[in-house]
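Enquirer: Structure for this input, please:
(one chain, ligands or ions: 1)
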Amino acid sequence: MKSSNTVLIALFAALIVVLSLIPPIPLPAIPVPVTLQTLGAMLAGAMLGPVRGALACLLYLALAAVGLPVLPGGRGGLGAFFGPTGGFLVGLVAGAFVTGWLARRLAGRAAGGAARFAGYVAACVVGGIAVVYACGVPWLAAVTKMGFTKAVLAVAVFLPGDLAKALVAAWVASRVERVWPMLGR
Ligand SMILES: O=C(O)CCCC[C@@H]1SC[C@@H]2NC(=O)N[C@@H]21
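Expert: So this is what the prediction gives:
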């Protein structure tokens, strides 16, 4: 792998750490807080593409797994992966990959700024929300034994915030692409 790619992967892993350290918002009904991790995964996928975006998330998770306090609330260690939010953590890698894959197809081929922005939004919504939830919800349901339907209803509370993050990530990615078109290649 080229050293510039290694640097970009490390930079985006660091960005996800910084976003994670912004204090999480705990919720009364479920043991899953509001965090900015999905914003980091969307940015990594949309701006670096599928492979490097997923690798940035994987590096972030590796730092957490070895015990560094990089998860929201200053948590770290393997135990986090076996708790109620473990599926969301794993989902960040898959989410960044799908975001990047779709971004290349939808935004990369779009003619015009509005179409490109719409392509990024769609990529972030599918990858950064649908895929992350698809990994996180069954895991949450299994670990808490709350049942799948209840878990689906419970995580709906995150949708408005995560949709806002998708808009922010899409806006940033489309602006950066204008000045640095090779970043995503
Ligand atoms: O640090 C962890 O243990 C993972 C937290 C996962 C939070 C999930 S990600 C999708 C959804 N959107 C949020 O803002 N919070 C949850």
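
Enquirer: make it CA atoms for all contacts and neighbour counts henceforth
Expert: Fine.

Enquirer: Which positions in this structure make contact with the ligand?
Expert: 32-36, 38, 71-72, 80, 85, 88-89, 158, 162 (Cα under 6 Å from any ligand atom).

Enquirer: can you do 5 Å?
Expert: Residues of the chain found near the ligand (Cα under 5 Å from any ligand atom) are 34-35, 71, 85.

Enquirer: What is the burial count for the nearest residue to Thr35 once chain neighbours are set aside?
Expert: Spatial nearest neighbour of Thr35, excluding adjacent residues (Cα to Cα, 6 or more residues apart in numbering): Pro24 at 5.0 Å. For Pro24, the neighbour count with other Cα atoms under 10 Å is 18.

Enquirer: quick one: Pro24 and Gly73, what's the gap?
Expert: Shown here: Pro24 relative to Gly73, a distance of 6 Å by Cα to Cα, to the nearest Å.

Enquirer: Show the pLDDT at the residue nearest to Thr35.
Expert: pLDDT for Pro24: 96.

Enquirer: Contacts only, for the residue of the chain found nearest the ligand.
Expert: The chain approaches the ligand most closely through Val34 (3.4 Å), counting by Cα to the nearest ligand atom. Going by Cα atoms under 8 Å, 6 or more residues apart in numbering, Val34 touches 24-27, 158.

Enquirer: Swap in 10 Å and give it another go.
Expert: 23-27, 72, 157-158, 161-162 (Cα atoms under 10 Å, 6 or more residues apart in numbering).

Enquirer: Quick one: those as JSON lines, columns for secondary structure too.
Expert: Listed next are these as JSON lines, based on DSSP: H, G, I helix; E, B strand; the rest coil:
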{"residue": "Pro23", "secondary structure": "coil"}
{"residue": "Pro24", "secondary structure": "coil"}
{"residue": "Ile25", "secondary structure": "strand"}
{"residue": "Pro26", "secondary structure": "coil"}
{"residue": "Leu27", "secondary structure": "coil"}
{"residue": "Pro72", "secondary structure": "coil"}
{"residue": "Val157", "secondary structure": "helix"}
{"residue": "Phe158", "secondary structure": "helix"}
{"residue": "Gly161", "secondary structure": "helix"}
{"residue": "Asp162", "secondary structure": "helix"}
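
Enquirer: What's the ChimeraX line that selects buried ones from these?
Expert: In ChimeraX, a selection of the buried entries from the contacts of Val34 looks like this (16 or more other Cα atoms under 10 Å):
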select :24,72,162
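
Enquirer: Now do the contacts for Ala173.
Expert: 42-48, 103, 107, 116-117, 120-121, 167, 180, 183-184.

Enquirer: That one should be in a strand, yeah?
Expert: No. Ala173: not assigned to a strand; according to three-state DSSP it is helix.

Enquirer: hmm, back to that, and of the residues of the chain next to the ligand, the nearest to Ala96?
Expert: Ala96 lies nearest to Thr35 out of the residues of the chain next to the ligand, by Cα to Cα, at 15.9 Å.
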